[in-house]
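Peer 1: sequence? don't have it. structure:
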Ligand code: NDP
């Protein structure tokens, strides 16, 4: 499918995990893909090379989502060089899981900077030059609606904030023909949530489908939302979790 021909996509954290699957899928569907990394330069460059080898157009750029200026500059540079961003994917995220009594203010600042503030910063930078039919898609978590267990307070708080962002921004940008949506994955086999742990066994026991998803499962939904077929979907959260929250 070449549903994203002539589209420019910008993805945060696109060099590994779910972000890499999204970068590859959008690249395969014809989009020019620019994606950020912070620590994983080598992996990010390999993902870009793979997309380019297959005839796509991809580049990896360094931008730490904790640094609003770095992220904003990466987006401005993309717009200057490529003319615009049609599809913004806010994927970069971290998990902080520990007993509430051992939380620190630094934990809060770190997770909110990456999981929430960077999403806002990226939209602020991309929207002024985003054309009609633009897309903003953020990766949240099914845990925004079901905390599932202890030691999840910071993460669920950060991911729950994205639903408000999505609804508000969809209203702000509807008149410009830009859609804004939240994708809420459940357990996906990545470095963040490997499928071969005790926690994974517990999660599987709670799922309707009893198996982990893949980055490609999420990338398929993201590609659909980014395509023309997704044009009437806005301001909503779509949970894709193998029935964990059912
Ligand atoms: P990984 O830990 O496997 O990958 C995280 C990605 O985010 C990497 O590309 C990483 O790049 C990037 N990233 C992290 N911190 C920063 C930063 N400061 N600046 C720029 N990029 C950063 O996680 P997943 O692929 O599993 O997660 C992707 C998204 O999906 C996250 O938002 C996560 O919360 C969400 N999610 C994951 C689930 C799962 O089960 N895996 C379930 C529900 C939601 P780098 O290495 O270069 O820092």
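Peer 2: Received, thanks. As the structure is a computational prediction, the values presented were derived from the model and not from experiment.

Peer 1: ok, residue 181 - contacts?
Peer 2: Counting by Cβ atoms under 8 Å, 6 or more residues apart in numbering, residue 181 makes contact with 135-138, 166, 170, 225, 230, 233-238. The C-beta positions use only the backbone N, C-alpha and C, and glycine is treated the same way.

Peer 1: show me which of these are buried.
Peer 2: 135-138, 166, 170, 225, 230, 234-235, 237-238 (16 or more other Cβ atoms under 10 Å).

Peer 1: need the residues you listed in a markdown table with distance to the ligand, secondary structure and pLDDT, can you?
Peer 2: Converted to a markdown table, the buried ones among the contacts of residue 181 look like this (distance: Cβ to the nearest ligand atom, whole Å; DSSP: H, G, I helix; E, B strand; the rest coil; pLDDT from 0 to 100):
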| residue | distance to the ligand | secondary structure | pLDDT |
| --- | --- | --- | --- |
| 135 | 17 | strand | 99 |
| 136 | 15 | strand | 99 |
| 137 | 12 | strand | 99 |
| 138 | 8 | strand | 99 |
| 166 | 14 | helix | 99 |
| 170 | 19 | helix | 99 |
| 225 | 15 | helix | 98 |
| 230 | 19 | helix | 98 |
| 234 | 20 | coil | 98 |
| 235 | 20 | coil | 98 |
| 237 | 12 | strand | 98 |
| 238 | 12 | strand | 98 |
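
Peer 1: per-residue confidence for the residue nearest the centre of the chain?
Peer 2: Geometric centre of the chain, nearest residue: residue 91, 2.0 Å, by Cα atoms, centre = their mean. The score at residue 91 is 99. That number is its pLDDT.

Peer 1: cool, and the one 3 residues further on?
Peer 2: Among the per-residue scores, residue 94 holds a pLDDT of 98.

Peer 1: please apply the same query to the one 3 residues further on.
Peer 2: pLDDT for residue 97: 94.

Peer 1: now swap in residue 1 and tell me
Peer 2: For residue 1, pLDDT reads 80.

Peer 1: that one and residue 29 touch, don't they?
Peer 2: Yes. Residue 1 lies in contact with residue 29 (Cβ atoms under 8 Å); the separation is 5.7 Å.

Peer 1: who's more crowded, the two?
Peer 2: Neighbours were counted for residue 1 and for residue 29 using other Cβ atoms under 10 Å; residue 29 has more, 21 against 11.

Peer 1: anything in contact with each of residue 1 and residue 29?
Peer 2: residue 223.

Peer 1: before we move on, what SS does residue 47 have?
Peer 2: Assigned by DSSP: H, G, I helix; E, B strand; the rest coil, the conformation of residue 47 is helix.

Peer 1: please shift the residue numbers so they start at 827 in all later answers.
Peer 2: In the new count, where the first residue is 827, that last one comes out as residue 873.

Peer 1: neighbours of it, just the number please.
Peer 2: 25.

Peer 1: for the closest residue to it other than its chain neighbours, grab the count of nearby residues.
Peer 2: Once flanking residues are discounted, residue 873 sits nearest to residue 846: 4.8 Å by Cβ to Cβ, 6 or more residues apart in numbering. Using other Cβ under 10 Å, residue 846 is surrounded by 27 other residues.

Peer 1: alright, I will stop here.
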